[in-house]
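Visitor: Predicted model and sequence below, questions to follow.
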Amino acid sequence: MDKVELLSPAGDLERLKVTLLYGADAVYIGGQNYSLRANANNFSLEEIREGCLFAHRLGKRVHLTLNIVFHNEDMEEVEKYIRDVVDCGIDAFIVSDPFIISYIKKNFSNVEVHLSTQNSTSNYKAIEFFEKEGIDRVVLARELSKKQIQEIIQKVHADIEVFIHGAMCTCFSGRCALSNYVTNRDANRGGCAQVCRFVFSNSSEKDFTMALKDMNMAKYIQDLIEIGVKSFKVEGRMRSLYYLAVVIGTYRKIIDGYYQHTLTDDQMKIYQERLDRVANRETSSHYFMKEADYTDQYYSGRGEVSNQDYLGQVIEYNSKSKFVKFYERNYFEVGDTVELFTPNGEQIEFVVEELYDEDMNVVDVARHPDSIYYLYLDTKKDITEYSMIKIVKRRDVHE
Amino acid sequence: MKLLVESSQKNKLYDTYSDGIILPLNGYSVESVQYYTLEEIKEIVKNVSCEVFIKMNKNFMNEEIDSLKDILLELESLPIKGIFFYDLAVLEIKREYSLKVDLVWNQTHMVNNYKTCDYYYSKGVRYALLGKEITLEEIKEIVKQSKISSMVEVVSRPSVAFSKRSLVTNYWKDCGKEGNSSLMVHENGTNMDYHLLENEDGTSFFLDTIVNGTCVLKDLYDAKTPYIIMREYGLEDCFEELIVDTKDYIKGNCLDSSYLEKYKKLGDYTNFFFRKTIYRVKKNG
């Protein structure tokens, strides 16, 4: 059985590297044009080339989003752009426009074309249409049940990709222009202002909101693998490095645990807790096991909470001096219990005993985000760049 | 330039005043306010002499494909001009069964460029209802460049989004009340109202403001736009008069300035005809 692909978002080159190091099999990225996240940093051609080289050295893949809904003017340069990014080494395009699909399939045999979820493809018959156009993979609509996904897989030849984690659109993808009308920002050209998270008023009753809880399919990974899904997509090209490291690292362990027959209920509980902890919203499996209902929404605003677990990002570890050099992200202090986790899955929990600023002056607290600090940690484990430090327990001030 | 209309009242089709009517098929279409059963459609086509288009613009699920195929085969035998579709399953079934019925590419917010229109034309799609979020200049370019027959919605309360979710039901549940399937909400930033209308297929969002495209008719006429569309919803009081006057206006080569003066009463909201959307709010790099 081919192992399912874990597909991570990467809003920039650093996220690309981090998510691949944390276990993604492939990343999806946006170029500086034609991507539905026009306000992510996005990749220049040089960065795409560098990202592809980095991924391919690890035996991994890069998918490029080209999934805007094209206007006349967008068509003028797109063919040249496609040639340029193919030349950079991308492995697949994610496309919603069938003209573009057809153009790529006619002109480039060395790159796959995946149908974007922007098409909200929800049945096998529509996929049969795209198969005749040469599509290699279809990213399904997020409105489908397990039974519907399974039936599609049984009836089509194209690979099937589904979203497993992250934020959800309230409306069918591609079938919403609320952002255009409310903010003049074009939802289908990468400018979506997430109007479905706005609060609307009602003259006689309470405010109206329709914001959705995020998707979290951790407990259904086994079901998804066994019905034949080929790729698991995580949402969030604009999410933080820490979020991506935790989410991708955790799904890597769940997927590997499934294939190695080592996944236990206790482990799943821990993995679920890690995913819940990093989330800024509650989660649901939405349509997978039932028709989506009242419980999948928020009714009093965006429903988001900020997360300050993330303390630092490791720059390097000196195994002789035992000093961890890191960028501080959130306040912490000597005496706090923290966990350092690494791209290769190591987790080290310890109490911070010694903390130093960039000039190696002893300090009690790390309080300046983005500043460089050092902490002492005596370990033989392999601590690499892009390891992360998170809080486990704050120091008891009464101790 | 032909005028198609979509009525919001079952007892009024406006078939004698317009060049054609659009009938949303119950259970197979969304983002309308009035739907018709297949039996009703069969009766209507027997009794009208104008062009009849059927709207089947829903996202279909696997379990609906068999009945979708059966319906398309039944419609094939009726004297209808075309079928509006969103889901590519419709086009695939047309291809699979070599159906003669013409199709209208109606992917609501996605019909925005002439190359993709031509792509669909090459696949046997004869018409395209252009997106409502593009400018008049973009529309004219599509009409000019594409082989497909373009349709442009010029007067309506536009549908702006569609969710499979029961958003109105959920709202009333949260309020602890029994409410109906219709809800008006207000967006404070723009001071605009939206009308949510829910049925068993999901929730449609309509902007509760009339798009008044009477002022672009001359441009569309001069550009040789094949079809314009007017939807009655929200205009029940004056719709018949509007379409009679519009037909006369077109007949007179869109030169009668009194028509434009008269229909200033519909308001000055011209949607995206003269307003480009933006999508990049911060510079890359």
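Guide: Right, received. Where do you want to start? None of the values given here were measured: they were computed from a predicted structure.

Visitor: Quick check: the gap between B:Gly82 and A:Thr209.
Guide: Taking C-beta to C-beta, to the nearest Å as the measure, B:Gly82 falls 39 Å from A:Thr209. (C-beta placed from N, C-alpha, C; glycine too.)

Visitor: again but with B:Ser146, I slipped
Guide: For B:Ser146, the distance to A:Thr209 - C-beta to C-beta - is 40 Å.

Visitor: Repeat that for B:Asp201.
Guide: 22 Å.

Visitor: Settle it for me: which of those two has more neighbours?
Guide: Neighbour totals were compared for B:Asp201 and A:Thr209, and A:Thr209 leads with 23 against 19 (other C-beta atoms under 10 Å in any protein chain shown).

Visitor: so that one makes contact with A:Asn202?
Guide: No: if you go by C-beta atoms under 8 Å, A:Thr209 and A:Asn202 don't touch, sitting 10.5 Å apart.

Visitor: excluding its backbone neighbours, what's nearest A:Glu77?
Guide: A:Asn33 (7.5 Å; C-beta to C-beta, 6 or more residues apart in numbering or on different chains).

Visitor: And the chain, split by domain according to the record?
Guide: As the question left the chain open, I've gone with chain A. A:5-296, A:310-393 (automatic domain parsing).

Visitor: wait, chain B
Guide: If you go by automatic domain parsing, chain B breaks into B:2-156+B:211-266, B:158-209.

Visitor: Report the secondary structure state of the residue in chain A positioned nearest to chain B.
Guide: Among all residues of chain A, A:Gly191 sits closest to chain B, at 3.1 Å; criterion: C-beta to the nearest C-beta. Per DSSP: H, G, I helix; E, B strand; the rest coil, the local secondary structure of A:Gly191 is coil.

Visitor: got a list of what it touches?
Guide: A:38-39, A:179, A:183, A:185, B:277-281 (C-beta atoms under 8 Å, 6 or more residues apart in numbering or on different chains).

Visitor: ok, of these, which come out buried?
Guide: Buried residues within those, counting neighbours by 16 or more other C-beta atoms under 10 Å in any protein chain shown: A:38-39, A:179, A:183, A:185, B:277, B:279-280.

Visitor: Settle this for me: A:Leu311 is touching A:Glu333, isn't it.
Guide: No: in this structure A:Leu311 lies outside contact range of A:Glu333 using C-beta under 8 Å: 10.2 Å.

Visitor: what about the two, which has more around it?
Guide: Set side by side, A:Leu311 and A:Glu333 show more neighbours around A:Leu311, with 26 against 15, by other C-beta under 10 Å.

Visitor: Assumed the more buried one was part of a strand.
Guide: Yes: membership of A:Leu311 in a strand is supported by three-state DSSP.

Visitor: hmm, back to that, make JSON lines from the domains of chain B and add mean pLDDT and distance to chain A to it.
Guide: What follows is the domains of chain B, written out as JSON lines (pLDDT from 0 to 100; distance: least, C-beta to the nearest C-beta, whole Å):
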{"stretch": "domain B:2-156+B:211-266", "mean pLDDT": "98", "distance to chain A": "4"}
{"stretch": "domain B:158-209", "mean pLDDT": "96", "distance to chain A": "4"}
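
Visitor: For A:Glu143, which of the ones you listed is the nearest?
Guide: Across the domains of chain B, the minimum distance to A:Glu143, taken as C-beta to C-beta, is reached by domain B:158-209, at 4.8 Å.

Visitor: Can you give me the end-to-end span of stretch B:156-164?
Guide: With C-alpha to C-alpha, to the nearest Å as the measure, stretch B:156-164 spans 23 Å from end to end.

Visitor: what does that stretch rub up against?
Guide: By C-beta under 8 Å, 6+ apart, stretch B:156-164 touches A:143, A:170-172, A:175-178, A:180-181, A:210, A:292, B:30-32, B:59, B:108, B:132, B:194-195, B:201-211, B:229-231, B:233-235, B:271.

Visitor: can you rerun that using 7 Å?
Guide: Applying C-beta atoms under 7 Å, 6 or more residues apart in numbering or on different chains, the set of residues contacting stretch B:156-164 from outside is A:143, A:170-172, A:175-178, A:181, B:30-31, B:108, B:132, B:202-211, B:230-231, B:233-234, B:271.

Visitor: returning to what we had before: among the contacts of A:Gly191, which lie within helices?
Guide: Per DSSP state H, helices hold the following members of those: A:179, A:183.

Visitor: Strands along the stretch 101-250 of chain A, start to end?
Guide: Per DSSP state E, counting those that start in this stretch, the stretch 101-250 of chain A carries strands over the ranges A:112-115, A:137-139, A:159-166, A:214-216, A:231-234.

Visitor: How about the stretch 1-150 of chain B?
Guide: B:2-6, B:20-24, B:51-56, B:82-85, B:103-105, B:127-129, B:149-156.

Visitor: Could you export those strands as CSV, including mean neighbour count?
Guide: As requested, the strands of the stretch 1-150 of chain B are exported to CSV (neighbours: other C-beta atoms under 10 Å in any protein chain shown):
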stretch, mean neighbour count
strand B:2-6, 23
strand B:20-24, 23
strand B:51-56, 24
strand B:82-85, 25
strand B:103-105, 25
strand B:127-129, 25
strand B:149-156, 24
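
Visitor: Sketch out the helices for the stretch 151-300 of chain A, chain order is fine.
Guide: Ranges of helices in the stretch 151-300 of chain A, per DSSP state H, counting those that start in this stretch, are A:178-183, A:221-227, A:241-259, A:265-278.

Visitor: quick one, which of these is packed in tightest?
Guide: Mean neighbours per residue, mean count of other C-beta atoms under 10 Å in any protein chain shown, is largest over those for helix A:178-183, with a mean of 24.

Visitor: Quick one: list the elements packing against that helix.
Guide: Applying 3 or more C-beta pairs under 7 Å, 6 or more residues apart in numbering or on different chains; DSSP states H and E, we find helix A:178-183 packed against strand B:159-163.
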